[in-house]
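**Q** predicted model, plus sequence, below.
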Amino acid sequence: MHSSPQSFPPGPFRGGSRYNSYGAFLKEKFGCRVSKVVVDAGFSCPNRDGTVGVGGCSYCNNEAFRPATATSGDPVARQVERGIAYLRQRYRAQKFIVYFQPFTNTFAPLEKLIPLYESAFADPDVIGIAIGTRPDCVEEDKIAWLENLARTHFVTVELGLESVHDQTLARINRGHDYECWRRALRRTSGRGIYIGAHLILGFPWESRAEVLGMAEAVSGIGLDFLKLHHLHVVRNTALARQFLNQPFPLLGYGQYLDLLIEFLEHLDPAVRLERLFGLTQEEQLLGPHWGKTKAEIQHGIEHALAARATWQGRCYPAPR
Ligand code: SF4
């Protein structure tokens, strides 16, 4: 039994959705179908090259999620052109956000970043850029340049987080702590730039209370978008080596649905969800294997929310 007296729908969710969907937000904001074009601008990562650390985050294998149209070495404009042609044909997308995804996409001096970011606007239907990066790699000059760009374009900075618990961040070799992420959030806030974050649910050492504590920690702090991933063990990573040496429990599909739904219930309804689960190419994945397609998982989450008569933010804010 749910204790809340609220009845659905409680919040401004579009189309009767039970969570605040990033896709629906884009559609409403731009009045058409908007797709992301992933590009690889050839960056490295300070957590790999020794600037911050070596070896990278223990779960990270960027090759596991890079689309075929994003090829490091090709000019960004060429990748944009190719990606847009594909998305126009496959999904009838009309507007595009160029997503600088692999590795750390602010890891260069500003004078090197500017031409890369500017070349994203090679097609007039590109309405903005999204930049995936680390919280220890967003210096003031870069944010000031993006702030200026955001006056005329849709600009998102994704500050990787993964967990708000320092013990976890150390254990997965992130090379920064939660306070570093909070500083980056403060530096980026209030400047017309949309701010995103990623969290991983399902570290075997994090308790349910710690996971729900993450929902609370990223609520009410001005975060615009959130991507949630379930913990994947991907081949050719430190985590894979740990898993093969000493297997640890990974979430089954039903267990993940339970955890995700509780997380959503405790999350600020103003945070838009860009992703609800992780995706890795099957041949790269050591586990968990759910034997389900992306569409089946998405449908399963929506069905479970409806079956439980619940929604994002149902338990937010938590009673004190
Ligand atoms: S997850 Fe991001 S920050 Fe971590 S090693 Fe990979 S590219 Fe670097």
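**A** That came through, no problem.
**Q** give me phi/psi at residue 129?
**A** With angles defined as degrees, to the nearest 10, residue 129 sits at phi -130, psi 150.
**Q** list the contacts for it?
**A** 97-100, 117, 120, 149, 153-156 (Cβ atoms under 8 Å, 6 or more residues apart in numbering). Using the backbone N, CA and C atoms, a C-beta is placed for each residue, glycine as well.
**Q** how far does stretch 167-184 stretch from start to finish?
**A** For stretch 167-184, the first-to-last residue distance is 20 Å (Cα to Cα, to the nearest Å).
**Q** anything in that stretch near the ligand?
**A** No: applying Cβ under 6 Å from any ligand atom, one finds stretch 167-184 out of contact with the ligand, separated by at least 6.6 Å.
**Q** could you do stretch 226-242 as well?
**A** No: judged by Cβ under 6 Å from any ligand atom, stretch 226-242 stays clear of the ligand, getting no closer than 9.3 Å.
**Q** begin at 14 from now on, thanks
**A** With 14 as the first residue, the last one maps to stretch 239-255.
**Q** okay, the residue of the stretch 114-263 of the chain found nearest the ligand: pLDDT?
**A** The ligand sits closest to residue 116 of the stretch 114-263 of the chain, with a gap of 4.4 Å, by Cβ to the nearest ligand atom. Predicted confidence (pLDDT) for residue 116: 95.
**Q** what's the answer for residue 27, then?
**A** So residue 27 comes in at 75 (pLDDT).
**Q** for residue 247, give me its contacts.
**A** By Cβ under 8 Å, 6+ apart, the contact list for residue 247 reads 72-74, 77, 253, 293, 297-299.
**Q** typo on my end, it should be residue 207
**A** Applying Cβ under 8 Å, 6+ apart, the residues near residue 207 are 167-170, 237-238.
**Q** out of these, which sit inside strands?
**A** 167-170, 238 (DSSP state E).
**Q** just among the residues you listed, which is most surrounded?
**A** For the ones in strands among the contacts of residue 207, the largest number of neighbours (other Cβ atoms under 10 Å) sits with residue 170, at 28 neighbours.
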